[in-house]
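> prediction below, plus the sequence it came from.
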Amino acid sequence: MNIDVLISCMHQTDLSIAERSGLKGGAVIINQCDRDGMKEKLINGCSVHMYSTTSRGLSRSRNMAIEHSHADICLISDDDEIYAEGYEEKLVKAFTEYPEADVILFQVKNDIGKTFSPTPFKVGYLRALTFASWQIAFRRESIVKAGIRFDVEMGSGTGHGSNEETKFLYDCLRKGLKLQYVPVEIAQLVPGSESQWFKGFDSKYFLNRGWSTARYMGKFFGALYVTYFAIRKFPLYRKDCSMFRAWTNMLKGIFCNPYQ
């Protein structure tokens with residue numbers, strides 16, 4: 001069972017990101033920059049390929065990495081992660097212990113307040129809402145056979161906000177794939193890492209939240225969810241926006257598609 005870490009990054013001039021990330025094996029790095037090309041190096045006998053491209057968009061980058069990989073297991077990564085010692089063995093062990101799982105969600109140490117359950121569980125539609133992209137590993141064959149990719153209209157670089165990972169997980173569930181969470185830490189985020197898309201709780205944020213929610217939930221369930229979101233997350237945004245304004249902007253994102 002071989003593994004590729006799929007790293008999305010920008011404006012790299014060499015393969016030093018492989019050392020910074022603590023990679024011990026195979027990887028496919030998509031480097032969005034002002035040129036096209038490919039570089040390769042070996043780490044512990046495994047190939048690390050960096051494909052430089054002039055295309056833009058985080059989801060597009062991840063789809064390119066899936067296409068270029070030939071590994072059994074793919075692990076989604078950003079450019080601000082450092083992988084734990086023995087991460088490959090942890091991945092192999094998890095996919096061996098859960099042979100029915102097509103996608104496994106792991107723990108990543110972070111300083112952004114994201115916490116994790118200490119017990120494993122199967123992941124359905126509600127729990128899929130709680131995961132970040134850098135927790136996702138999957139059997140590449142399952143994803144390719146199901147025709148699942150990241151939505152290129154969503155994610156950093158599109159101007160539409162985030163939640164592309166939630167759409168990806170929802171598409172997996174709709175295609176009948178099995179999702180599993182395991183309480184195993186495989187990496188950590190570099191402390192102080194900044195989001196490439198989050199610029200504050202302004203009107204644009206809530207419009208994007210509504211639009212993206214409808215994209216993977218539909219309008220009816222999306223409207224129910226953003227109502228819950230407006231209430232549940234109010235302590236996070238109360239200094240920037242009223243609950244009513246947040247809620248109405250999310251509904252505008254759902255019912256008055258701002259990107260048509």
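Arrived safely. Keep in mind that this is a model prediction, so the values were computed, not measured.
> show me how the chain divides into domains.
The chain breaks down by automatic domain parsing into domains covering 3-189, 203-255.
> pLDDT of the longest one, averaged?
If I follow you right, that is domain 3-189. On average, the pLDDT along domain 3-189 is 92.
> show residues contacting stretch 139-157.
The contact list for stretch 139-157, computed with C-beta atoms under 8 Å, 6 or more residues apart in numbering, reads 4, 32, 56-60, 62-63, 66, 69-74, 95, 101-103, 158, 160-165, 167-168, 171-172, 175-177, 196-197, 212, 215, 259. Placement of C-beta: from N, CA and C, glycine included.
> what's the end-to-end length of it?
Across stretch 139-157, the terminal residues are separated by 26 Å (C-alpha to C-alpha, to the nearest Å).
> please state the offset of that stretch from the chain centre?
Using C-alpha atoms, centre = their mean, to the nearest Å, the distance from the centre of stretch 139-157 to the centre of the chain it belongs to is 10 Å.
> now swap in stretch 213-224 and tell me
Distance, stretch centre to chain centre, for stretch 213-224: 20 Å (C-alpha atoms, centre = their mean).
> how about it: buried residues?
213-217, 222-223 (16 or more other C-beta atoms under 10 Å).
> still on that earlier bit, just the ones of the contacts of stretch 139-157 in helices?
Members of the contacts of stretch 139-157 lying in helices (criterion: DSSP state H): 58-60, 62-63, 66, 95, 164-165, 167-168, 171-172, 212, 215.
> nearest to Lys24 among the residues you listed?
The closest of these to Lys24 turns out to be Phe95 (C-beta to C-beta; 17.1 Å).
> ok, the closest one touching Ala71?
No. Checked against C-beta atoms under 8 Å, the pair Phe95 and Ala71 is beyond contact range at 11.6 Å.
> of the ones in helices among the contacts of stretch 139-157, just the buried ones, ChimeraX syntax please.
A single ChimeraX command selects the buried members of the ones in helices among the contacts of stretch 139-157 (16+ other C-beta under 10 Å):
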select :58,59,60,62,63,66,95,164,165,167,168,171,172,212,215
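> quick one: the nearest residue to His68 once chain neighbours are set aside from Cys46, how far?
Excluding its sequence neighbours, the residue lying closest to His68 (C-beta to C-beta, 6 or more residues apart in numbering) is Val28, at 4.9 Å. In this view, Val28 and Cys46 are 11 Å apart by C-beta to C-beta, to the nearest Å.
> show me which of the two is the more surrounded one.
More crowded of Val28 and Cys46, by other C-beta atoms under 10 Å: Val28, with 25 against 17.
> now do the contacts for the more buried one.
Going by C-beta under 8 Å, 6+ apart, Val28 touches 4-7, 48-49, 51, 65, 68-69.
> counting neighbours, what do you get for Ile136?
Using other C-beta under 10 Å, Ile136 has 22 neighbouring residues.
> one more: Gly155?
27.
> next, give phi and psi for it.
phi 100, psi 170 (degrees, to the nearest 10).
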